[in-house]
Each structure stands twice: as structure tokens, then as C-alpha cells.
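# model the following, please.
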Amino acid sequence: MSVRVERDEKTGVAVVTLDRPERLNAIDLVTAAQLADAWRDFRFDDTVRAVVLTGAGAKAFCTGIDRATDVPQPPSPYSTDDPLLTVGPKANDLWKPVIAAVRGMACGGAFYLLGEAEFVVAGESATFFDPHTTYGMVSAYETALLAQRMPYGEVARMALLGTAERMSARRAYEVGLVSEVTPDGAELAGALRAAEVIAGSPTEAVQGTVRALWATKEAARAQAYAQAPHLIALGNLPVERQAELFEDRGKRGAEFRIR
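Below is the predicted model of the structure:
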């Protein structure tokens, strides 16, 4: 299993762990399906009242879609097959609160998950970046989600600088992407503490609050998502050229900086 689920019936908290540390917790089609299954299963499990989402290992929370995953695309700018659209809790009709615990890198497609979490707890050496433009891809869904959590200029800077710059956990806290910064290794415990408090409240009220919060963002997100497939189809380089840029990433000599 590339997604590990642990339930604590005493506290009412479940922990979902992306368990592919050898691939920096990148999401392949199997992982995407397992995430969707986990979120949908929680809807029917009254013992789970809050969820913590994290990644195995110290190097990465998640690095987006696995580059080895072959996802054929329709030959039309009006259609896009994006397996990451179904990996988040809200995409699977789960309104129990989800708290993300981030250690190491969180980049690219990781924002499909962070964007659908209620809030993020990060270890102090965690970094956030969006490599799409560096590799000739349009950042559309990721920026739509980030723009609902961060100021426009910060989202634009992250998306347009690509791999050249990584946002530190401290900066992410300052701009609102992260709600708490902990020492490295303590981010999971911090997220669990918050989840246990939330799980102790009446679940109907908690889920209603989550749904109300999400409703405040739905119209803008829906408009952005409606345009995303066309922008991606028109702006992405051919897959072969993307692969060349990705393979050349270690040869260009460009040093990233942490801000």
C-alpha cells in the first residue's frame, strides 16, 4: 500500500500517510486511487472525526505527480485528464476536518492536497515551491488553490520563479499558507494535538463549519477550474520537451534559494 491509514478510536483521529519515501511521496495512479478510497471511507466511519495527512520520511511531504506515471491526454484543449483532481478530501465529499503535517519538500501537485486541508502544520525546514513553469507546464489548478490561501503576489512569485526559489516554512507562516511552525519532527505531533481538540467537539457542528468555510471559496475556485484545462492544453510544452527539461534539471547549474 502506498497510502497508510491508522485510526485511533479513543481520540477520533485518523492519520493518513503517503508512504512512498523512495519516490519522495510522489503520487502515481495507484496512490491517487488509494487516497480517494481513504477519504470516501472516512465518510462512513463515525469513529473518525478528524484526519491528519502527512508523508513518510524526512525528505518530502509530497512532490506531486510521479513523473514516471503515464497519463495520456485527449487531443483537445477542452479536455484534460488530471488524476490529481481526485486526490483531495473535498473532491471526495469528505467534510471532516483534515490537517496537513509537512516535513521536507511540498511542491507542485502537493498543493492539491494542501489546498483541500483545513490548515497546515510544518516543520521548520519544510520548503514549498511550484516547478511547473521551469519544466514548461502551466500551473493552473495549483495556483487556483494557493490563491485562496496566500496573497496574489506571493502565489505569482512562487509559480513564476519555479525551481529557482523555495518558500521556507517561516515565510509560509508569514503569508498564511502555514498556520504553525514546529521543530523538525514535531509537526505530526502538533497536527495531532489540534486534531484531537477538534475531534472532541460535536462532529455535526465541526463538519458544518468546514462546509461553510469551503463555501466561501467555491465560486472563485470553480471559475478558475473551468479555465484550467484550456490554459494547460494551450500553454504546456509537448511532453517530450517537458521530459528533456526535467532531465536537464541537474545540469543547468542553477542554484535554488530559500526565502
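# for this structure, longest helix please?
Criterion DSSP state H: the longest helix present in the chain is helix 203-235.
# any idea how far whichever helix or strand comes after that helix is from the chain center?
Downstream of helix 203-235, the next assigned helix or strand under DSSP states H and E is helix 239-247. Centroid separation between helix 239-247 and its chain, computed with CA atoms, centre = their mean, to the nearest Å, is 23 Å.
# show residues contacting the helix or strand just after helix 239-247.
For helix 239-247, the following helix or strand on the C-terminal side (DSSP H and E) is strand 257-258. Residues from elsewhere that reach strand 257-258 (CB atoms under 8 Å, 6 or more residues apart in numbering): 127, 164-168. Quick note: C-beta positions are derived from backbone N, CA and C, even for glycine.
# I'd like those residues as CSV, with neighbour count appended.
As requested, those are exported to CSV (neighbours: other CB atoms under 10 Å):
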residue, neighbour count
T127, 22
A164, 14
E165, 16
R166, 22
M167, 26
S168, 18
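# and those residues, which two are the farthest apart?
A164 and S168 (14.5 Å; CB to CB).
# so, low pLDDT: which residues of the stretch 51-200 of the chain?
77 (pLDDT under 70).
# what about the helices in it?
Counting by DSSP state H, counting those that start in this stretch, the stretch 51-200 of the chain has helices at residues 110-114, 141-146, 152-161, 169-175, 187-199.
# pick the most deeply packed of these.
helix 110-114 (a mean of 27; mean count of other CB atoms under 10 Å).
# distance between it and the chain's centre?
1 Å.
# if I look at R149, how far off is P89?
Separation of R149 from P89 (CB to CB, to the nearest Å): 15 Å.
# one step back: Throw the helices of the stretch 51-200 of the chain into a markdown table and include distance to K217, thanks.
Formatted as a markdown table, the helices of the stretch 51-200 of the chain follow (distance: least, CB to CB, whole Å):
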| stretch | distance to K217 |
| --- | --- |
| helix 110-114 | 14 |
| helix 141-146 | 9 |
| helix 152-161 | 14 |
| helix 169-175 | 17 |
| helix 187-199 | 20 |
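# between those helices, which gets nearest to L213?
helix 187-199 (12.9 Å).
# please name the nearest non-neighbouring residue to K90.
Closest residue to K90 apart from its sequence neighbours, by CB to CB, 6 or more residues apart in numbering: E116 at 4.5 Å.
# wait, what's in contact with the one you found?
88-91, 98, 145.
# can you state the direction angle for the longest helix of the chain and helix 187-199?
Angle, helix 203-235 to helix 187-199, by axes from the mean of the first three to the mean of the last three CA atoms, to 10 degrees: 130 degrees.
# please consider this matter closed, and thank you.
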